[in-house]
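> give me a model of this one.
(one chain, ligands or ions: 1)
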Amino acid sequence: MRRSGQWRWWILAGGCLLVVIILAAPPALHMAGTWLSDRDEREVLPAGFIDDASRMNATPVQEIWAVPGARDEAEHQLVDLLRRADQRNLPVSIAGKRHSMGGHVIAEDGIVIDMLPFDGMELDEETDILHVQSGATWGRIIEYLDRYGMSVGVMQSNNSFSVGGSLSVNCHGWQYGRPPIASTVRSLRLMRADGSIVTCSREENTELFSLVLGGYGLFGIILDVQLDVVPNERLQLEQFQIPIDNALEQFEQSIDAHPGASMVYARLNIIPDEFLEEAIVSIFRAQEGEIPALTDPDMIALRRVLFRGSAESNYGKELRWEAETKLQPLLSSAVFSRNQLLNEGVETFQNRSASSTDILHEYFVPRDGIVAFLGELRRIVPLHDGNLLNVTVRSVDADEDTFLRYADGHMFAFVMLFQQPRTNEGEEAMRAMTREIIEAALAVDGCYYLPYRLHATTDQFQRAYPMGGEFFDRKRYYDPGNRFQNRFYEHYGGRGR
Ligand SMILES: Cc1cc2nc3c(=O)[nH]c(=O)nc-3n(C[C@H](O)[C@H](O)[C@H](O)COP(=O)(O)OP(=O)(O)OC[C@H]3O[C@@H](n4cnc5c(N)ncnc54)[C@H](O)[C@@H]3O)c2cc1C
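Next up is the predicted model:
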């Protein structure tokens, strides 16, 4: 009797194990397959070539010149370089981390200035103003500010970018209730094409201030900046998963019911059968108490495998959404430091394959246009077989500082990451899709973001940025020799060399 009872237990235990193995096998196999095939296949460029984060822009240049780190030496040598470029009539482009994707740091056969070594910083603890050189990246700045209990006011969702590159695109992030980064700039020093240095602020050289912020390196070299910074915070997460149709109302109710939201974003479902029908909304609220110490980001390998696995198959997309939604109850009420949330590099999810690349898109849509824009996204993306890897939605307050503005009023930013083949066909397909999505944004009085591929037609650029013509006229006024150039200028400014 006892022996047959034991057998039953063994059979039951074996059966359970089998069920667990059957259930766990597909995800485990999928993730193991992704991990094994995730090799770094990125090519080394031939000497004399430069590219950007798109890996679609390899271009020959005369010289890539790294600025020295010491201020006086840097300024002297930059003047010499501009003189040399003038004598040889070479265009000059300016590069930070080169994460723009449309050749914004590249002028063919020109000189590229690499600003990254110019990265000193000092915090004025009396005024909470950070004095920082333009080659510094957010990763280093966060590490520095954390020691003083301070944090960056407005920046992108990753820490990999330089201050000069961030100011020149007028970046924004998921800091709630904040306009783009220009709002945090007190003043900046700019080296113009003739080598002279001017200070620009809301009181001094005001027009140049508004042109340089969001000016894509066309007005001069940003040397250093006085940046308003904010206290670091202890943040508690509230997270909910909801059908997209109710998302905005529920989000607004939650914001009204519990004020104090500091960082906010929503991530949308990208599984083809449920495309853009559900959202996970994450609201981080400031809370009294000890701020967790700044550490290196964790679970990088696991998060990378989950993400990269979602690029290659619908099963991977389902698995990632499943993991994110299952994790959601565990994360609710978790506590983070503001600096920790900002301290994530782009490397975690970066595409390293030889055959494909990941391209960002971003559209700014006023509240009343969201439903129509989402409806169009649901139609356009599948129609073009767009391989959408990620969509986050953030809120951006009105920009009152820059000339070439993308947020005239309050906007919701739809940040979308697509994977595409690195082929002419892949590029053509992406161009056609991008133009349709831009039309959808324009139809609801929205706009698109400029640091990515230059797929918009000139007409679309002019409708999205009606001040664009005057922006380029002012560029030629401040830089009559057209010394500062790049592909963005050639494409929309209509005046390359
Ligand atoms: C994975 C990823 C995530 C992103 N997320 C966000 C986001 O959340 N929010 C957002 O707003 N943007 C985002 N972006 C876009 C990003 O903000 C821009 O591409 C930004 O320019 C990157 O900074 P960078 O240092 O790489 O600039 P670069 O690409 O090196 O340069 C960008 C522009 O700035 C000019 N420039 C650089 N340094 C100087 C200087 N010292 N003086 C004058 N001009 C200069 C260049 O000439 C160029 O026109 C993202 C991009 C990627 C690839």
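
> for the residue in the chain that the ligand sits nearest to, what are its contacts?
Nearest to the ligand in the chain, going by CB to the nearest ligand atom, is Gly165, at a distance of 2.0 Å. Quick note: C-beta positions are derived from backbone N, CA and C, even for glycine. Applying CB atoms under 8 Å, 6 or more residues apart in numbering to Gly165 gives the contacts 95-100.

> same deal with Thr357?
Counting by CB under 8 Å, 6+ apart, Thr357 has contacts 54-56, 351, 419-420, 422.

> mind checking which of those are buried?
Taking 16 or more other CB atoms under 10 Å as the criterion, what is buried in these is 54-56, 351, 419-420.

> now the residue of the chain closest to the ligand: how far from Glu344?
17 Å (CB to CB, to the nearest Å).

> for Val335, same thing?
Taking CB to CB, one finds Val335 at 17 Å from Glu344.

> same question, Ala247
Ala247 is 24 Å from Glu344, by CB to CB.

> which one of the two has more residues nearby?
Between Ala247 and Glu344, counted using other CB atoms under 10 Å, the more crowded position is Ala247 (21 against 17).

> that's a helix at that one, yeah?
Yes: when the secondary structure is assigned by DSSP: H, G, I helix; E, B strand; the rest coil, Ala247 falls within a helix.

> leaving out the residues flanking it, which one is nearest to it?
Ala279 (4.5 Å; CB to CB, 6 or more residues apart in numbering).

> now Glu470
Glu470's closest residue in space is Phe403 (CB to CB, 6+ apart), at 7.9 Å.

> show the pLDDT at that neighbour.
Per-residue pLDDT puts Phe403 at 98.

> number the residues from 36 up from this point.
Shifting the count to begin at 36 puts that one at Phe438.

> residues contacting it?
242, 245-246, 249-250, 502, 505-506, 509.

> highest neighbour count among these?
Gly250 (26 neighbours).

> for that residue, grab phi and psi.
phi -100, psi 0 (degrees, to the nearest 10).

> Val299 too?
phi -150, psi 140.

> got it, and the one 10 residues further on?
Dihedral angles of Glu309 (phi, psi; degrees, to the nearest 10) stand at phi -130, psi 40.

> burial measure for it, as a count.
Using other CB under 10 Å, the number of residues around Glu309 comes to 15.

> run a quick neighbour tally on Pro291.
In this structure residue 291 is Asp, not Pro. Asp291: 8 neighbours (other CB under 10 Å).

> assumed it was part of a helix.
Yes: under three-state DSSP, Asp291 falls within a helix.

> any idea how far it is from Arg118?
Using CB to CB, Asp291 is found at 58 Å from Arg118.

> and Val431, by the same measure?
From Val431 to Arg118 the distance is 40 Å (CB to CB).

> so between the two, which is more surrounded?
More crowded of Val431 and Arg118, by other CB under 10 Å: Val431, with 23 against 12.

> what's the distance between that one and Asp443?
11 Å.

> what residues does the stretch 186-335 of the chain put near the ligand?
191-193, 196-197, 199-201, 203-204, 206-208, 251-252, 256-257 (CB under 6 Å from any ligand atom).

> just the buried ones from the residues you listed, in ChimeraX syntax?
To isolate the buried members of those in ChimeraX, using 16+ other CB under 10 Å:
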select :191,192,193,196,197,199,200,201,203,204,206,207,208,251,252,256,257
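
> looking at the residues of the stretch 186-335 of the chain next to the ligand, which are in strands?
256-257 (DSSP state E).

> quick one, helices of the stretch 186-335 of the chain?
198-204, 241-247, 279-292, 335-347 (DSSP state H, counting those that start in this stretch).

> report all helices and strands that the third one contacts.
Under the contact definition 3 or more CB pairs under 8 Å, 6 or more residues apart in numbering; DSSP states H and E, helix 279-292 sits against strand 269-278, strand 296-303, strand 313-321.

> if you set the cut-off to 6 Å instead, what comes out?
strand 313-321 (3 or more CB pairs under 6 Å, 6 or more residues apart in numbering; DSSP states H and E).

> the strand it packs on pairs with which strands?
Taking DSSP bridges as the criterion, strand 313-321 sits next to strand 269-278 (antiparallel), strand 296-303 (antiparallel) in its sheet.

> which of the ones you listed sits most buried?
Most buried of the strands paired with strand 313-321, by mean neighbour count (mean count of other CB atoms under 10 Å): strand 296-303, with a mean of 21.

> burial count for Phe447?
Neighbours of Phe447 using other CB under 10 Å come to 19.

> wait, a strand at it?
Yes: counting by three-state DSSP, Phe447 falls inside a strand.

> that one touches Val400, doesn't it?
Yes: applying CB atoms under 6 Å as the test, Phe447 and Val400 come out as touching, 5.3 Å apart.

> quick check: what element follows the host helix or strand of Leu362 along the chain?
Secondary structure from DSSP states H and E places Leu362 in helix 349-366. The helix or strand immediately downstream of helix 349-366 is strand 370-372, counting by DSSP H and E.

> who are the packing partners of the helix or strand just after that following strand?
Remark: after strand 370-372, the chain's next helix or strand is helix 373-377, criterion DSSP H and E. Here helix 373-377 touches helix 173-181, going by 3+ CB pairs under 6 Å, 6+ apart.

> pLDDT on the helix it packs on, on average?
98.

> got it, and stretch 113-124?
Mean predicted confidence for stretch 113-124 is 98.
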